[in-house]
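> Prediction below, plus the sequence it came from.
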Amino acid sequence: MGSEGPTPAVTIHVTGFKKFHGVAENPTETIVNNLQDFLKKRGLPKGLILGNCTILETAGQGALAHLNQALQSAMREDAVSNSSRVILLHFGVNSGATKFAIEKKAVNEATFRCPDEMGWKPQKVPIVPTDGGISRIRETSLPVEDIAKALAKAGYETTISDDAGRFVCNYVYYQSLRFAEQNGIKSLFVHVPLFSTIDEETQMEFAASLLEVLASVY
C-alpha cells in the first residue's frame, strides 16, 4: 500500500487594527505586532506556520488597498512554499466585550456608527455591490463550534457571535471571506476585549492557543 505522506502544515496569516474613534490603543495592534516573538519564546504549535502579520488602518474603503495587498502577498508566499492549507485570521477589538468572540459570519453592509479613520461614514451601503444587496451573508467554513469549545476547554471565556457589527471589522471580514472562497482557503475573524478587561499576557496566550486550535481543526 502507498502512503499519502505527512499532512501539510497550516499557514496562518494574521491581521490586527490600529487605533480608532474611542480606542486610542488597539490591543489587536499589540497582539499582532508581538505574535511572532511571543511564539518563538513559547514554541510554535506543531503543524503551524505563522505567515504575514499585518496591521490595517481602521478604515473601510480607505484601507482596502492595503488589505488586498496583504491578501495577495499571502497567496504569493503560499504559492512559493507550496502551502495548500491557508487561514486568514483577523483580530478586532470590541471595547464593551468581556469575552473572546469567534465571528461566524459577515454581512454585505457598511453602516458605520461614526466615521472611520479616513473619514468615511457609509449608511446601508453594500460592501461588494456585485454580490447583491446588503442582506447578503458570507459564513466562515471553519468549525466555529469546535474552535470555541477547544478554547473554552483551555480556560478562555469564549463565545460564538452571529453579528460582527456593520463597522470596519465586518467590512474587512466580508472582503476576506469573499477572497478566501475565491482562492480555496479559509478565513476567520475574532473579537477581543480591551487589555483593561483581559490583560495583555492572557490575550497573547489566547492568540497562541487559537493558532494551535486552528491548526488542529483544519
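Received it, and whenever you're ready, just let me know what you need.

> all strands for this protein, in order.
For the chain, applying DSSP state E gives strands covering 10-17, 48-56, 86-93, 100-103, 105-107, 137-139, 158-161, 186-192.

> Remind me what the fifth one packs against, helices and strands.
Of the remaining helices and strands, those touching strand 105-107 by 3 or more C-beta pairs under 8 Å, 6 or more residues apart in numbering; DSSP states H and E are strand 137-139, helix 168-183. Backbone N, C-alpha and C define where each C-beta goes, glycine included.

> circling back to that earlier point, now distance to Gln72, mean neighbour count and mean pLDDT too, for the strands of the chain, in JSON lines please.
Formatted as JSON lines, the strands of the chain follow (distance: least, C-beta to C-beta, whole Å; neighbours: other C-beta atoms under 10 Å; pLDDT from 0 to 100):
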{"stretch": "strand 10-17", "distance to Gln72": "11", "mean neighbour count": "24", "mean pLDDT": "95"}
{"stretch": "strand 48-56", "distance to Gln72": "11", "mean neighbour count": "19", "mean pLDDT": "93"}
{"stretch": "strand 86-93", "distance to Gln72": "12", "mean neighbour count": "26", "mean pLDDT": "96"}
{"stretch": "strand 100-103", "distance to Gln72": "23", "mean neighbour count": "24", "mean pLDDT": "98"}
{"stretch": "strand 105-107", "distance to Gln72": "20", "mean neighbour count": "22", "mean pLDDT": "98"}
{"stretch": "strand 137-139", "distance to Gln72": "19", "mean neighbour count": "16", "mean pLDDT": "98"}
{"stretch": "strand 158-161", "distance to Gln72": "28", "mean neighbour count": "17", "mean pLDDT": "98"}
{"stretch": "strand 186-192", "distance to Gln72": "14", "mean neighbour count": "24", "mean pLDDT": "97"}
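
> Deepest in the core, which of the helices and strands packed on strand 105-107 is it.
Among the helices and strands packed on strand 105-107, ranked by average contacts under mean count of other C-beta atoms under 10 Å, first place goes to helix 168-183 (a mean of 22).
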